[in-house]
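> Sequence first, then the predicted structure, then my questions.
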Number of protein chains: 2
Amino acid sequence: MELTIFSDEHFMREALKEAKRAFDADEVPVGAVVVVNNTVIARAHNLTERLNDVTAHAEMQAITSACNFLNGKYLNECTLYVTLEPCVMCAGALAWAQTARIVYGASDTKRGYNLIGNKILHPRTSVKHGVLAEECAQLVKTFFQQKR
Amino acid sequence: MELTIFSDEHFMREALKEAKRAFDADEVPVGAVVVVNNTVIARAHNLTERLNDVTAHAEMQAITSACNFLNGKYLNECTLYVTLEPCVMCAGALAWAQTARIVYGASDTKRGYNLIGNKILHPRTSVKHGVLAEECAQLVKTFFQQKR
């Protein structure tokens, strides 16, 4: 049996599916998945409106869900895929979790953690961005256009 | 009937009670309460070990609990009391919640949000620190001394 090694684009499409679920639920459309050994172990989307809770970002829920799956506090063998650049809160959480790798789609020039500086992340975390960026950004753009 | 207006020390003592609960549960002893109109509406302590979840800081849970109580996403009329200076994650969450006021006890020179700069908080958030600082710090110190 051949083992398919999935690409970053493949997993970002999974995160995008989650973002679309958020969109359909009238939430800011951001989605995330956590991957270890080529396998998705957690998926989540933004639920701040439904839960009335600003901490319910996709990443926060994906971290909690992944740690629950792994029965451990650290994601030091995991990649978190998220459609939008994490905010400071989520970057702080990803640091505590010692996340091995973060892949994000679109940049967030208003609220992204890079505005504060990348010292927030754990020193062993590697970051890749721009994967399916157009598609990730367009979803957010369409969402806010419809709100106006 | 006379209305007693409680002091910051009073509410920090409530946060300290929560921190002691964390201590007794073998968690890093940090506690928090959220206050509005002179009344505690949420109390929480660190649960990262029990929940195996790095996002389970006292402040994060206090925010979620307070928002649940208020049935709204914003703490813009609330004061959050916490025994230890918030980390970057928690400061980011307090910013999203537009927290009116933050009072913390001991400074955290290794993980406190001030290491990154106070740009993280919401521009309308006021901050006071040093309330019962000695007592708040001693609890954390004793905890880590026992761990060695």
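Alright, I've got the coordinates.
> isn't A:V103 right next to A:C78, touching?
No: the pair A:V103 and A:C78 fails to qualify as a contact (Cβ atoms under 8 Å) at a distance of 11.1 Å. All C-beta spots, glycine's among them, are computed from the backbone N, C-alpha and C.
> Show me what the helix or strand where A:M12 lies is packed against.
Using DSSP states H and E, A:M12 sits in helix A:8-24. Helix A:8-24 is packed against strand A:31-36, strand A:39-45, helix A:58-70, strand A:79-84, strand A:101-106, helix A:133-147, with contacts defined by 3 or more Cβ pairs under 8 Å, 6 or more residues apart in numbering or on different chains; DSSP states H and E.
> Please work out how many residues are found near the residue nearest to A:C136 when sequence neighbours are not counted.
For A:C136, ignoring the flanking residues on the chain, the nearest one in space by Cβ to Cβ, 6 or more residues apart in numbering or on different chains is A:G105 at 3.1 Å. The number of residues packed around A:G105, counting by other Cβ atoms under 10 Å in any protein chain shown, is 27.
> residue contacts, A:G105?
Applying Cβ atoms under 8 Å, 6 or more residues apart in numbering or on different chains, one finds that A:G105 lies in contact with A:12, A:15-16, A:82-84, A:129-133, A:135-137.
> one more time with 6 Å, if that's ok
For A:G105, the contacting residues are A:12, A:83, A:131-133, A:136, by Cβ atoms under 6 Å, 6 or more residues apart in numbering or on different chains.
> Against B:I102, how distant is it?
As defined by Cβ to Cβ, to the nearest Å, A:G105 lies at a distance of 32 Å from B:I102.
> picking that back up, any chance of the helices and strands packed on helix A:8-24 in a markdown table, plus distance to A:S7?
Below are the helices and strands packed on helix A:8-24 laid out as a markdown table (distance: least, Cβ to Cβ, whole Å):
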| stretch | distance to A:S7 |
| --- | --- |
| strand A:31-36 | 11 |
| strand A:39-45 | 14 |
| helix A:58-70 | 19 |
| strand A:79-84 | 11 |
| strand A:101-106 | 10 |
| helix A:133-147 | 15 |
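> Of these, which stretch is the most buried?
The densest packing among the helices and strands packed on helix A:8-24, expressed as mean neighbour count by mean count of other Cβ atoms under 10 Å in any protein chain shown, is seen in strand A:79-84 with a mean of 28.
> A:Y104 against A:T83, yeah?
No: assessed by Cβ atoms under 6 Å, A:Y104 is found out of contact with A:T83, at 7.2 Å.
> can you pull the contacts of A:V30?
With contacts taken as Cβ under 6 Å, 6+ apart, A:V30 has the following neighbours: A:19, A:46, A:58, A:83-84.
> same thing but at 10 Å, please
Taking Cβ atoms under 10 Å, 6 or more residues apart in numbering or on different chains as the definition of contact, the neighbours of A:V30 are A:15-16, A:18-19, A:22-23, A:44-46, A:48, A:57-59, A:82-87, A:90, A:104-106, A:108, A:136, A:139-140, A:143.
> Where does pLDDT dip in chain A?
Judged by pLDDT under 70, chain A has its weakly predicted residues at A:1, A:118.
> try it again with 50
Per-residue confidence for chain A (pLDDT under 50) gives no ranges below the cut-off.
> Which among the helices and strands packed on helix A:8-24 is found nearest to B:C67?
If you check each of these against B:C67 by Cβ to Cβ, helix A:58-70 wins as the nearest, at 13.8 Å.
> Who are the packing partners of that closest one?
Taking 3 or more Cβ pairs under 10 Å, 6 or more residues apart in numbering or on different chains; DSSP states H and E as contact, the helices and strands that helix A:58-70 lies on are helix A:8-24, strand A:31-36, strand A:39-45, helix A:48-51, strand A:79-84, helix A:88-96, helix B:48-51.
> just how off-centre is it within its chain?
Here helix A:58-70 shows a centroid-to-chain-centroid distance of 11 Å under the convention Cα atoms, centre = their mean, to the nearest Å.
> Can you tell me the closest non-neighbouring residue to the spatially most central residue of chain A?
With distances taken as Cα atoms, centre = their mean, the residue of chain A nearest its centroid is A:V82 (2.4 Å). If the residues on either side of it in the chain are set aside, A:V82 comes closest to A:A32, at 4.2 Å by Cβ to Cβ, 6+ apart.
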